[in-house]
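S.K.: Any chance you can model this:
(chains A and B)
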2 protein chains.
Amino acid sequence: MYVILVYDFGEKRVGKMLKLCRKYLNWIQNSVFEGEISEVKLKEMLQKAHTFMDKTEDSIILFKHSSQVYMDKEVIGHERSSIDVFL
Amino acid sequence: MYVILVYDFGEKRVGKMLKLCRKYLNWIQNSVFEGEISEVKLKEMLQKAHTFMDKTEDSIILFKHSSQVYMDKEVIGHERSSIDVFL
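M.R.: Predicted coordinates:
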């Protein structure tokens, strides 16, 4: 399954969420990740996120698709690698 | 065509980009928009973005799909409306 994940977390928890996402998906921009992931792995990741997320403030948006083949991705402007910004 | 648009703009230009995106797409979170848009309208929007974006710093990522039908969207946690945050 191909997913695009976007999160919006409070300052105190955003670092934890970033770390978690990087274990399962590929970082593409700010708080946006994408990647191929199994249902089981995605569930596991979300369960971990639930342990520290504040549901009154934080949010996760998931776009799921059976395959990346049908999605066309285009990057305009400066493409950052995940390394130069977050390490 | 259904698109998910994520932008990362410098502080000085981010407000302009937000305003532009709101004219063409639906805001869903932070710098993330989605919506049905024609190729022509998307091109028009990107041309406008090009007039003020700094390509050494700013970036736009577009995920395009022929139809939203095949995408499954899930929101976990706090779902913000576009009004409470940006007005």
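
S.K.: what stretches of chain A score poorly on pLDDT?
M.R.: A:69, A:79-87 (pLDDT under 70).

S.K.: tell me, how many neighbours does A:Tyr70 end up with?
M.R.: The number of residues packed near A:Tyr70 is 14, by other CB atoms under 10 Å in any protein chain shown. For every residue, glycine as well, the C-beta is placed using N, CA and C.

S.K.: Surely it and B:Gln68 touch.
M.R.: No - counting by CB atoms under 8 Å, A:Tyr70 stays clear of B:Gln68, with 11.7 Å between them.

S.K.: interface residues of chain A facing chain B?
M.R.: Contact residues, chain A versus chain B (CB under 8 Å from any CB of the partner chain): A:4, A:6, A:8, A:28-32, A:46, A:49, A:53-66, A:70-80.

S.K.: ok but A:Val3 is inside a strand, no?
M.R.: Yes - assessed with DSSP: H, G, I helix; E, B strand; the rest coil, A:Val3 lies in a strand.

S.K.: neighbours of it, just the number please.
M.R.: A:Val3, neighbours per other CB under 10 Å, totals 20.

S.K.: That one contacts A:Glu34, doesn't it?
M.R.: Yes - with contact defined as CB under 8 Å, A:Val3 counts as touching A:Glu34 (6.8 Å).

S.K.: Which of the residues of chain A next to chain B fall within helices?
M.R.: Judged by DSSP state H, helices contain the following of the residues of chain A next to chain B: A:Leu46, A:Ala49.

S.K.: From the residues of chain A next to chain B, keep the buried residues only.
M.R.: Burial by neighbour count, judged by 16 or more other CB atoms under 10 Å in any protein chain shown, picks out A:4, A:6, A:8, A:28-32, A:46, A:49, A:53, A:58-65, A:71, A:76-78, A:80 from the residues of chain A next to chain B.
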